[in-house]
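Novice: Coordinates for the following, if possible.
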Amino acid sequence: MDDLFAAQREARRAEIAPLATRMRPRTLDEVAGQPHLVGSGAAFRTMVEAGRPVSMILWGPAGTGKTTLARLVADQSDARFEQLSATSAGVKDVREVLAGARRRLGEEGRRTVLFLDEIHRFSKSQQDALLPGVEEGTVILVGATTENPFFEVNSPLISRSTLFRLERLEPADVVRLIDSALVDSQRGLGEQNLQIDDDARLALGERCGGDARLALNALEMAAYLARPADGHITLDHVEEALQRRIVRYDKGGDQHYDVVSAFIKSLRGSDPDASLYWLHTMLEAGEDPQFIARRMIVFASEDVGLADSDALGVAVAAGHALGYVGLPEASFALSQAALYLATAPKSDSVKRAMGAAQRMVGGTPGAQVPIHLRQAGYQGAEVLGHGEGYRYPHDHPGHIVSQQYLPDEATEAVLFHPTRQGDEAGIAERLGEIDRRLGKGTRD
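Specialist: Okay, the predicted model is just below:
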């Protein structure tokens with residue numbers, strides 16, 4: 001009788017479940033995309049079909065099938081499936097699952113697959129609580145994460161797990177899912193006899209970022225919008241269901257660093273189009289605009305430098321504009337600064353000179369300021385000889401005079417090597433005359 005009621009409850013849950021849940025693949029052959037995992041001869045498929053899974057971490061974007069694969073691991077190995085979410089579970093919950101798994105293994109000889117969603121959100125102590133169960137084989141851990149596990153998951157746990165990387169679904173994979181959902185009468189929308197325009201289908205395939213869950217949920221909403229009319233899904237219905245393009249970006253995770261890196265490298269590579277694309281990817285995703293402004297200020301000195309001395313002022317001004325007017329208006333100033341930096345001549349001479357100076361300072365411990373450069377504007381300085389022999393540059397032609405400015409240990413140091421880029425070419429030419437007067441060697 002209990003089984004009958006359980007089946008009835010399961011049937012009712014299935015009826016009201018979202019389309020993405022109802023259409024969850026039941027076999028490896030139904031999994032969309034991921035040929036490197038579920039294709040013939042793939043290591044993951046071979047392991048699952050053999051019914052001898054190992055603890056693993058599934059790393060990939062949202063909606064690419066991590067939960068589905070975890071369930072298939074349990075089904076194929078006839079294991080009990082237990083699911084915890086790192087956003088709500090704690091050490092107590094983990095210990096309860098491990099205790100139940102030990103009991104089940106001892107009494108029934110049946111193993112347990114523990115699916116831990118968003119494992120990267122577990123603290124170190126929570127992850128440590130999993131180690132005994134994983135080491136002993138009490139549970140088969142399947143951890144799912146959208147973040148780089150090497151940054152977010154404890155090394156001991158990674159070393160005891162096999163890492164499988166999931167990729168975004170291709171638009172063609174998403175379109176196949178859409179078509180399957182529209183014709184499937186048992187789990188999908190087949191009984192509704194819906195029709196969908198080609199451009200609407202293509203929009204779902206391309207604008208969901210390879211996220212199958214998002215695509216199916218958007219299809220379900222578009223179908224709801226189309227039903228009161230004639231059940232014909234148009235591009236307008238899809239646009240309304242999606243509302244706007246979804247930006248795949250996590251401010252606190254791996255994508256944050258990847259997108260920032262792409263932005264800086266696009267600026268450095270003098271590509272204004274790519275620079276604007278990555279800038280607005282960050283802005284659309286809600287990245288802290290002050291962070292973006294700070295990165296551009298650093299870039300202005302590190303990668304443009306003296307090749308265009310106005311670049312730093314432009315970047316700083318964009319940061320000030322952000323403070324004055326805020327977003328969205330300040331996006332104009334940020335875009336202007338990004339375009340300026342991308343199209344400016346580039347020089348890393350400031351960065352290289354900084355590094356050379358730091359190495360020189362580190363290699364000359366205890367270096368003393370030459371006595372003629374020491375402060376002489378106080379009583380007793382003359383007795384000490386401070387300032388004696390100092391030659392005032394403004395009293396000499398060109399306001400330059402040859403004298404020792406570096407400590408004895410570094411008199412021959414040449415730290416700054418200007419390039420011939422932009423304004424820096426003029427600086428290099430002027431510096432050549434200065435060096436001649438100061439008696440310094442060549443900087444080439």
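
Novice: ends of stretch 80-93, how far apart?
Specialist: Using CA to CA, to the nearest Å, one end of stretch 80-93 lies 16 Å from the other.

Novice: contact partners of it?
Specialist: Identification of contacts with stretch 80-93 by CB atoms under 8 Å, 6 or more residues apart in numbering yields 70-71, 74-75, 94, 97, 100-101, 104, 110-122, 125-126, 129, 139. Backbone N, C-alpha and C define where each C-beta goes, glycine included.

Novice: Next, the buried residues of that stretch.
Specialist: Residues of stretch 80-93 classed as buried by neighbour count (16 or more other CB atoms under 10 Å): 80, 82-84, 86, 89.

Novice: out of the contacts of stretch 80-93, which are buried?
Specialist: Those of those that meet the buried threshold are 70-71, 74, 94, 97, 100-101, 104, 111-122, 126, 129, 139, by 16+ other CB under 10 Å.

Novice: quick one: which of the residues you listed sit in strands?
Specialist: Cross-referencing the buried ones among the contacts of stretch 80-93 against strands under DSSP state E gives 112-117, 139.

Novice: okay but residue 419 is in contact with residue 351, surely?
Specialist: No: under the criterion of CB atoms under 8 Å, residue 419 makes no contact with residue 351, lying 11.5 Å away.

Novice: ok, those two, which is more surrounded?
Specialist: With neighbours defined as other CB atoms under 10 Å, residue 419 and residue 351 compare such that residue 419 has more, 18 against 13.

Novice: Name the nearest residue to that one, sequence neighbours excluded.
Specialist: Nearest residue to residue 419, sequence neighbours excluded (CB to CB, 6 or more residues apart in numbering): residue 347, at 4.5 Å.

Novice: Make sure the one you found is indeed in a strand.
Specialist: No: going by DSSP: H, G, I helix; E, B strand; the rest coil, the assignment for residue 347 is coil, not a strand.

Novice: Any chance of the backbone angles for it?
Specialist: phi -150, psi 130 (degrees, to the nearest 10).

Novice: which residues touch it?
Specialist: Counting by CB under 8 Å, 6+ apart, residue 347 makes contact with 303-307, 418-419, 421-422, 424.

Novice: Show me which pair in those residues is furthest apart.
Specialist: Taking CB to CB, the two most distant members of these are 303 and 418; they sit 14.8 Å apart.

Novice: And the residue nearest to residue 419, how close does it get to residue 207?
Specialist: Counting by CB to CB, to the nearest Å, the gap from residue 347 to residue 207 is 40 Å.

Novice: circling back: for the ones in strands among the buried ones among the contacts of stretch 80-93, give me CSV that also has pLDDT.
Specialist: What follows is these, written out as CSV (pLDDT from 0 to 100):
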residue, pLDDT
112, 89
113, 91
114, 91
115, 93
116, 90
117, 89
139, 90
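
Novice: Can you say which two of the residues you listed are spatially most distant?
Specialist: The largest separation in those, counting by CB to CB, is between 112 and 117 at 15.9 Å.

Novice: Flag the least confident of the contacts of residue 347.
Specialist: The lowest pLDDT within the contacts of residue 347 belongs to residue 424, which sits at 78.

Novice: surely that residue meets residue 311?
Specialist: No: counting by CB under 8 Å, residue 424 stays clear of residue 311, with 11.4 Å between them.

Novice: So for these two, which residues contact both of them?
Specialist: Here residue 424 and residue 311 have residue 305 as joint contacts, going by CB under 8 Å, 6+ apart.

Novice: In terms of packing, which of those two has more residues around it?
Specialist: Ranked by neighbour count (other CB under 10 Å), residue 424 and residue 311 place residue 311 first, with 26 against 23.

Novice: list the contacts for the more buried one?
Specialist: So residue 311 contacts 300, 304-305, 340-341, 344 (CB under 8 Å, 6+ apart).

Novice: and which of those residues is nearest residue 47?
Specialist: So of those, ranked by how close each gets to residue 47 (CB to CB), first place is residue 341, at 48.8 Å.

Novice: Please, which helix or strand holds the closest one?
Specialist: Residue 341 belongs to helix 330-343 when assigned by DSSP states H and E.

Novice: Residue 311 now?
Specialist: helix 310-325.

Novice: on that earlier part again, what helices and strands are in contact with the helix holding residue 341?
Specialist: helix 254-268, helix 272-284, helix 289-299, helix 310-325 (3 or more CB pairs under 8 Å, 6 or more residues apart in numbering; DSSP states H and E).

Novice: what about 6 Å?
Specialist: Judged by 3 or more CB pairs under 6 Å, 6 or more residues apart in numbering; DSSP states H and E, helix 330-343 is in contact with helix 272-284, helix 310-325.

Novice: where does it sit relative to the chain's centre, distance-wise?
Specialist: Between the centre of helix 330-343 and the centre of its chain there are 22 Å (CA atoms, centre = their mean, to the nearest Å).

Novice: low pLDDT regions in the stretch 251-400 of the chain?
Specialist: Along the stretch 251-400 of the chain, the model assigns pLDDT under 70 to residues 251-255, 373, 377-384, 387.

Novice: please redo it, this time with the cut-off set to 90
Specialist: Scanning the stretch 251-400 of the chain for pLDDT under 90 picks out 251-260, 272, 281-291, 306, 322-330, 349, 352-400.

Novice: Can you name the two of the buried residues of stretch 80-93 that sit furthest apart?
Specialist: The largest separation in these, counting by CB to CB, is between 80 and 86 at 19.9 Å.

Novice: quick one: which helix or strand includes residue 217?
Specialist: Using DSSP H and E, the element containing residue 217 is helix 212-226.

Novice: quick one: contacts of whichever helix or strand comes after that helix?
Specialist: Downstream of helix 212-226, the first helix or strand assigned by DSSP H and E is strand 232-233. Defining contact as CB atoms under 6 Å, 6 or more residues apart in numbering, one finds that strand 232-233 is touched by 195-196, 200, 222, 226.

Novice: Show me the strands paired with strand 232-233, marking each as parallel or antiparallel.
Specialist: Its sheet considered, strand 232-233 pairs with strand 195-196 (parallel) by DSSP bridges.

Novice: Now do the same for the strand it pairs with: mean pLDDT, whole number.
Specialist: In this model, strand 195-196 has a mean pLDDT of 92.

Novice: next one: it to chain centre, how far?
Specialist: The answer for strand 195-196 is 36 Å, by CA atoms, centre = their mean.

Novice: Show me what counts as buried in the helix holding residue 217.
Specialist: Buried residues in helix 212-226 (16+ other CB under 10 Å): 212-223, 225-226.
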